[in-house]
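*Asks:* With the input below, show me the fold.
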Amino acid sequence: MSGHSKWNNIKRKKGEADAQRGAIFTKLGREIQVAVKNGGADPEANSRLKDIIAKAKSANMPNDNIQRSIKKASGSGDADNFEEITYEGYGPGGVAVMVRTLSDNRNRTAGDVRHMFDKHGGNMGTNGCVSFLFQEKGTLIIDRELFEDEEAVMMDALDAGAEDFAAEEEFYEVTTSPEDYQAVRTALEKKKYVFIDISLGPVPVTWTAITDSDLTEKMEKMIDKLEELDDVQEVYHNWDN
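*Replies:* Okay, here's the model as predicted:
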């Protein structure tokens, strides 16, 4: 299961959340705008928008911010135009990395992402060079401290249609197929479950470990610097850290 690596990433992000909250909300607002432009402003008729709103709420984004982003995108053309581009490559130690971006300037974004790969000992490749190492999955992370009955959580998740369930020391990880992601999340929400992280995206099929401390430091810096780029929405990797 991907839980241990997933959770390490979440803890690191949460620890820096206060300083980065404005940037996080900006990126979520951008995703909301793209979803509205592509599928309309009604989350009940636009599953992508419904997913992004749920993701924004799990990040504690205020409802006013969410509604403001929806109104901006459904207004009279004053919203920005973004395209989704995913870059692939290898980080230090041969770790597979996928970088999902929303960009209004393809050349700028490609240059910025490539620079971060090069600067930290990685190598940006062509489309498809690492994507075969990932599968598209839905992931729901539940804080174990809030829901202590492991068996009950597992049964609720599986009854809701989850593909897999993993109980780690600090959290539960519920994995779904892309098709069942929204239904499983909705069913668990109805049972009052609260998620500390949700995502629909690439999950590694295999994992890569790094034993060299210098490479570990470079990999950490590369992920951090990629995530700090304005155009980067998500960084996925198969680092078993």
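*Asks:* So which residues of the chain form strands?
*Replies:* Listed in chain order, the strands of the chain (DSSP state E) span 83-90, 96-103, 123-124, 134-143, 164-167, 171-176, 195-204, 232-237.
*Asks:* Figure out which of those is closest to E151.
*Replies:* strand 164-167 (9.4 Å; Cβ to Cβ). The way it works is simple: take the backbone N, C-alpha and C, and place the C-beta from them, glycine included.
*Asks:* Mean pLDDT for the strands of the chain - can I get that in JSON lines?
*Replies:* Shown next, in JSON lines, are these (pLDDT from 0 to 100):
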{"stretch": "strand 83-90", "mean pLDDT": "96"}
{"stretch": "strand 96-103", "mean pLDDT": "96"}
{"stretch": "strand 123-124", "mean pLDDT": "97"}
{"stretch": "strand 134-143", "mean pLDDT": "93"}
{"stretch": "strand 164-167", "mean pLDDT": "94"}
{"stretch": "strand 171-176", "mean pLDDT": "94"}
{"stretch": "strand 195-204", "mean pLDDT": "90"}
{"stretch": "strand 232-237", "mean pLDDT": "93"}
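*Asks:* which stretch among those strands comes nearest R48?
*Replies:* strand 195-204 (9.2 Å).
*Asks:* could you point out where this protein is predicted with low confidence?
*Replies:* 1-20, 76-79 (pLDDT under 70).
*Asks:* mind listing the helices for it?
*Replies:* In the chain, the helices defined using DSSP state H lie at 3-15, 17-39, 47-58, 63-73, 106-119, 150-159, 181-190, 213-228.
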